[in-house]
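Novice: What follows is a predicted structure for the sequence shown.
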Amino acid sequence: MRRGFSQHAPEEDSDIDITPMLDVVFIMLIFFIVTASFVKESGIEVNRPEASTAQQQTKANIFIAINEKGEIWIDKRKVKQDSVRAVVERLHAENPQGSVVIQADENAKVKLLASVTDSARLAGVSNVSFATEENQ
């Protein structure tokens, strides 16, 4: 009778299969990319007027800037006044829960500001607000 272990015991494969882990990581990556909300900026910096009732807007995803020259900027592109509605409709379709924030220069024309506000509301956005500096 033999005691002990055989000298010719088969070696076990000690490699770890990481394919399922990679699948899970890629699925999580796709999930985070799809559910992420990306902030879109207007494209220019304007001198906003001050207001003592200014509040932080958290769900804004469409920023429209109007500078003192009367130029309208959406998503870092200069837009003509008559095409504001179409651009806002397209951006609003991407995120229907979002809102519009108009960043108008303090020297911008009120008539242009009213026209842009009307275009945003006609595009189907009910929550339109104006960006201001907090009064200190």
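Specialist: Perfect, I can see it now. Residues are numbered from 1 along each chain as shown.
Novice: Every contact and neighbour count from this point should use C-alpha atoms.
Specialist: Will do.
Novice: Could you count how many residues lie near residue 83?
Specialist: 11 (other C-alpha atoms under 10 Å).
Novice: quick one: contacts for the nearest residue to residue 104 once chain neighbours are set aside?
Specialist: Of all residues not flanking residue 104 in the chain, residue 66 sits nearest, at 4.6 Å (C-alpha to C-alpha, 6 or more residues apart in numbering). Residue 66 sits next to 46, 72, 73, 102, 103, 104, 105, 108, 113 when contact means C-alpha atoms under 8 Å, 6 or more residues apart in numbering.
Novice: buried sites along stretch 87-98?
Specialist: For stretch 87-98, the neighbour count (16 or more other C-alpha atoms under 10 Å) marks 87, 88, 89, 91, 92, 98 as buried.
Novice: Who are the packing partners of the helix or strand containing the first one?
Specialist: In this assignment (DSSP states H and E), residue 87 forms part of helix 84-94. Helix 84-94 makes packing contacts with strand 60-66, helix 110-122 when contacts are defined by 3 or more C-alpha pairs under 8 Å, 6 or more residues apart in numbering; DSSP states H and E.
Novice: what about stretch 104-115, start to end distance?
Specialist: One end of stretch 104-115 sits 12 Å from the other (C-alpha to C-alpha, to the nearest Å).
Novice: Tell me where the chain has strands.
Specialist: Here the chain has its strands, by DSSP state E, at 50-51, 60-66, 72-74, 77-79, 99-104, 128-130, 133-134.
Novice: what mean pLDDT does the longest one have?
Specialist: Strand 60-66 shows a mean pLDDT of 83.
Novice: repeat for stretch 23-40
Specialist: 82.
Novice: Dump the C-alpha coordinates for it into CSV.
Specialist: The C-alpha coordinates for stretch 23-40 follow below in CSV (Å, rounded to 0.1, in the frame of the first residue of the first chain):
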residue,chain,number,x,y,z
ASP,A,23,-19.0,42.9,-19.6
VAL,A,24,-20.4,44.4,-16.4
VAL,A,25,-18.0,47.4,-16.6
PHE,A,26,-18.9,48.1,-20.2
ILE,A,27,-22.7,47.9,-19.3
MET,A,28,-22.1,50.4,-16.4
LEU,A,29,-20.2,52.7,-18.7
ILE,A,30,-23.0,52.7,-21.3
PHE,A,31,-25.5,53.3,-18.5
PHE,A,32,-23.7,56.3,-17.2
ILE,A,33,-23.1,57.8,-20.6
VAL,A,34,-26.8,57.5,-21.6
THR,A,35,-28.2,58.9,-18.3
ALA,A,36,-25.7,61.7,-17.9
SER,A,37,-27.0,65.2,-18.5
PHE,A,38,-24.5,67.4,-20.2
VAL,A,39,-24.5,71.1,-19.6
LYS,A,40,-24.7,73.2,-22.7
